[in-house]
Each structure stands twice: as C-alpha cells, then as structure tokens.
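[1] Predicted structure and sequence below. I'll ask about it afterward.
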Amino acid sequence: MFLDLHEIIEVPGGQVPFRCELDQERLSFPTLEAFRGPVTAEGMVKNTAGVLTLTADVKADMLVRCDRCGKPFSLCLAPRFTAVLQADAEDMDSENVFPLDGDGVDVSDVAETCFILDMDQKFLCREDCKGLCPTCGKDLNDGPCNCKKQIDPRMAALGQLLDDIQEV
C-alpha cells in the first residue's frame, strides 16, 4: 500500500495513519503450514523535527511446525516496529532505515521487511521440546525411546581396548 506523505514532509508534528494487509506469500517460510487469517499492519507515520518515523503493529495468526519434533502448533505474533524513512539513500546501512519513493512510501513493503527481520530463526512447540530420536524417530516428548546408546565412531577403538582389558 503506497502512502502519500507530501502533506507532512515539511510539517513538524504532522502524522498520517495507515492500515493494510500484508502479502502472505512474501512472509512464508519453510515451517509455516498456513496463515489462519489476514496478516495486518496498522500504524502511523510521524514527522518529528523533520525526521519521518513509521511505527506499525503487525498481527499474524499462524499454524507452524516445530523445528525439533515436527508437530504443528498455533502461533500468534504481534510485533511492533519502528522505522526511519529517508529521502536520500546514502545511509541505508541500518536495517530500520527505508527510502522514500518520491513523497511517499510503500508501508506494506516496510512492514513485511521488518516482520521478516524480526522473526525467530526456529519455532518450538514449547521451550523444553526434546525433539525426535535421531536413530528411530520417536518423539522424545512422549517418553524415552528404546534405542541403544550409540558409541561415537571416533571412540570405538578405545571401547575395544576397554573390552579387551575386561576380558583379561
């Protein structure tokens, strides 16, 4: 959604509210099963002493897969973002500085980018998720598996020496 800011660019204290729906396809990631509704951003662009600041609240209700055990679970995210909007593209090194497009900005693009950058790298169904057994694939949250503990192949020769000593 393109937001025209020409009315507040030269007016300190000016503000423009916005509300938009974000592109779910752009926000998708490998463990996302589905969005449970529209992903929305609502906020305000303010001119504070000549600096344009965009503040937005994003709301996303999702069904995601746990990165450890693979079970799907519901996750509601509602992060708040603040970004600085600049006309010149010289200082765009910071992740929260975005360029103006003429006298406006694509608030959907800014909100989507901030949402992606703020997202966790892994999603867990619970903080103490134990994951799956690497040998048999049993969900260790349901209890221990019956797999025999594997010996590190680098230590196998030492294990054979111990077995030889015990036989003597």
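    All right, it came through fine.

[2] If you count neighbours, what's buried in the longest strand along the chain?
    Ordering each strand of the chain by length in residues (DSSP state E) puts strand 51-65 first. Taking 16 or more other CB atoms under 10 Å as the neighbour-count basis, strand 51-65 is seen to contain the buried residues 52, 54, 56, 58, 60, 62, 64, 65. Where C-beta positions appear, they are placed from N, C-alpha and C, glycine not excepted.

[3] Adding distance to residue 136, write those residues out as CSV.
    Conversion of the buried residues of strand 51-65 to CSV gives the following (distance: CB to CB, whole Å):
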residue, distance to residue 136
52, 57
54, 50
56, 46
58, 40
60, 35
62, 30
64, 25
65, 20
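
[4] all strands of the protein, in order?
    Listed in chain order, the strands of the chain (DSSP E) span 2-4, 15-21, 32-35, 40-48, 51-65, 72-77, 80-86, 97-99, 104-106.

[5] contact partners of the third one?
    Right, strand 32-35. Strand 32-35 is contacted by residues 24, 27, 60, 61, 62, 63, 64, 65, 72 when judged by CB atoms under 8 Å, 6 or more residues apart in numbering.
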